[in-house]
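Q: Here is the input, now give the coordinates:
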Amino acid sequence: MKFYTAEMVNRWNGDILGTNKDKYDREWDEAQDNYDRHYARLADGFPASVRKFAELVLHNESVVTLPRTLDGENRVVGYVHNDEYTVVTASQRDSVAHVVTYTLEKPPVVVKHDGGGFDPPENVAVWLYDEFDVDDAGLFKHSILFSNGVELVVTFQTMHWYECAIQEEG
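A: Numbers count the residues shown, from 1 in each chain. Okay, here's the model as predicted:
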């Protein structure tokens, strides 16, 4: 994450008394403005599905799927070039689920962040922030920061997503 960093989350969520709320609000607005400008420069190069997805706000959606098994280089085990990788989220508030599937350029990587701004690892992870980028080799990247301090970095060829209604049985 280049704009919505783990350090910022630790500062914002670590200020339980709210003594620096105005300062953090300004910092958030600046990060958002900087990311919006960055994304705007790249947007035309992304597939249409990415441009449409970027309009969604998944903040605080529960994560149904999250990688658990990593190799020694923090790559998600079992995925290689051209495999499909899926992330599923669910919003109880809006009764919708989002299913995001990537065709991979390389295995997803996990970066683990610690600090008082993140939930304990045993808690259900929620989607905090995400950023799209293009790496030095011209490959598409999607970085997602979750409430448990996990940052998932997916380098992909294509991305497809669906929004589905959640209905309870009975």
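Q: how far away is residue 73 from residue 110?
A: 10 Å (C-beta to C-beta, to the nearest Å). For the C-beta atoms, the positions are set from N, CA and C on the backbone; glycine is no exception.
Q: Ok, residue 56 next?
A: 22 Å.
Q: Please say which of these two ends up with more neighbours.
A: Remark: of residue 56 and residue 110, residue 110 carries more neighbours, 18 against 14, as counted by other C-beta atoms under 10 Å.
Q: which residues are contacting the strand or helix carrying the more buried one?
A: In the assignment (DSSP states H and E), residue 110 maps to strand 109-112. Strand 109-112 is contacted by residues 67, 70, 73, 74, 75, 76, 149, 150, 151, 152, 153 when judged by C-beta atoms under 8 Å, 6 or more residues apart in numbering.
Q: go again using 7 Å as the cut-off
A: Contact with strand 109-112 is made by 67, 70, 74, 75, 76, 149, 150, 151, 152, 153, as judged by C-beta atoms under 7 Å, 6 or more residues apart in numbering.
Q: List the pairing partners of the longest strand seen in the chain within its sheet, with orientation.
A: For the chain, the strand with the greatest residue count under DSSP state E is strand 150-165. Here strand 150-165 has these sheet partners by DSSP bridges: strand 96-104 (antiparallel), strand 109-112 (antiparallel), strand 140-146 (antiparallel).
Q: all helices for the chain, in order.
A: 6-14, 21-42, 48-53 (DSSP state H).
Q: closest one to residue 123 among these?
A: Set against residue 123 and scored by C-beta to C-beta, those come closest in helix 6-14, at 13.0 Å.
Q: so how far is the closest one off the chain centroid?
A: The chain centroid and the centroid of helix 6-14 are separated by 16 Å, computed with C-alpha atoms, centre = their mean, to the nearest Å.
Q: Only the buried residues of that helix, if you could.
A: Within helix 6-14, the residues scored as buried using 16 or more other C-beta atoms under 10 Å are 6, 8, 9, 10, 11, 12, 13.
Q: what's the answer for stretch 129-143, then?
A: Buried residues in stretch 129-143 (16+ other C-beta under 10 Å): 129, 130, 131, 132, 133, 140, 142, 143.
Q: Okay, now the unreliable bits of the protein?
A: 15-18, 67-68, 170 (pLDDT under 70).
Q: how about a cut-off of 80?
A: 14-21, 66-73, 75, 121, 168-170 (pLDDT under 80).
Q: wait, what's in contact with the residue positioned nearest the centre of it?
A: For the chain, residue 144 is the residue whose C-alpha lies nearest the centre (C-alpha atoms, centre = their mean; 1.8 Å). Residues in contact with residue 144, defined by C-beta under 7 Å, 6+ apart, are 127, 130, 151, 152.
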